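A.B. asks: Sequence first, predicted model second:
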Amino acid sequence: MDTMTHNKPNLSPKIALYEPDIPQNTASIIRTCSCLGATLEIIEPCGFLFTDKRFKRVVMDYLEEGNIKFYKSADEFFKNKKNQRIILITTKAIKTYTDFNFRNDDTLLFGRESAGVPNNVHKAANEKLRIPMAKNKRSLNLATSVAIVLSEQIRQIRN
């Protein structure tokens, strides 16, 4: 058996999505979190219904694994995380994710595809990191960004 793809990692990183609004991205992130042993936390409201056929087509049977936690608001999310580091991944950060030392109890927070996160969420985050991109490019796909930074967190924790 290929140990890189079939064994669950011995850690539980957390990905949080702030008010996601594209069903296919959220579904892809659910699959990524499931396959990499991460918990997904969704800060509502979402810009779609979980019954959306575009969502169901991508998520397949990964939704039923129970690795998703919902928060009714950003306030509820931050109250529940008061003793944990919240790492906001944003194009507005100066520090890159490759220059950061992750811990296995960090929560990686990603904003809405259409609008990122509001100022109060920026201020509440403990750290802000970015993914370096080619000049004059706006942003990566949300699901791709999650996979990139989550993979680096897992790499660091395992070493």
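C.D. replies: Received, thanks. Numbers count the residues shown, from 1 in each chain.

A.B. asks: can you give me the strands for this protein?
C.D. replies: Assigned by DSSP state E, the chain shows strands spanning 14-18, 39-43, 68-71, 86-89, 107-110, 127-129.

A.B. asks: of the ones you listed, which approaches residue 96 most closely?
C.D. replies: strand 127-129 (6.4 Å; Cβ to Cβ). (Glycine included, C-beta is placed from N, CA and C.)

A.B. asks: Direction included, what does the closest one pair against?
C.D. replies: Sheet partners assigned to strand 127-129 using DSSP bridges are listed as strand 86-89 (parallel).

A.B. asks: what about this protein, any weak spots by pLDDT?
C.D. replies: The chain contains residues with pLDDT under 70 at 1-11, 52, 54-66.

A.B. asks: I'd say residue 106 and residue 89 touch.
C.D. replies: No: at 11.0 Å, residue 106 does not count as touching residue 89 under the criterion of Cβ atoms under 8 Å.

A.B. asks: between the two, which one's more packed in?
C.D. replies: For residue 106 versus residue 89, neighbours defined as other Cβ atoms under 10 Å are more numerous around residue 89 (25 against 19).

A.B. asks: measure residue 93 to residue 35 for me?
C.D. replies: According to Cβ to Cβ, to the nearest Å, residue 93 and residue 35 sit 27 Å apart.

A.B. asks: Which one of the two is surrounded by more residues?
C.D. replies: residue 93 (18 against 14).

A.B. asks: next one: phi and psi at the more buried one?
C.D. replies: Note on residue 93: its backbone torsions stand at phi -80, psi 160 [degrees, to the nearest 10].

A.B. asks: Check the gap between it and residue 120 for me.
C.D. replies: 17 Å.

A.B. asks: what's the answer for residue 45, then?
C.D. replies: 16 Å.

A.B. asks: for residue 85, same thing?
C.D. replies: 18 Å.

A.B. asks: neighbour count winner among the two?
C.D. replies: A direct count of neighbours by other Cβ under 10 Å for residue 85 and residue 120 places residue 85 higher, at 14 against 10.

A.B. asks: How about the contacts made by the more buried one?
C.D. replies: 103, 105, 106, 107, 126, 127 (Cβ atoms under 8 Å, 6 or more residues apart in numbering).

A.B. asks: what ranges do the helices span in this structure?
C.D. replies: Per DSSP state H, the chain carries helices over the ranges 3-6, 23-36, 53-59, 74-80, 119-124, 142-158.
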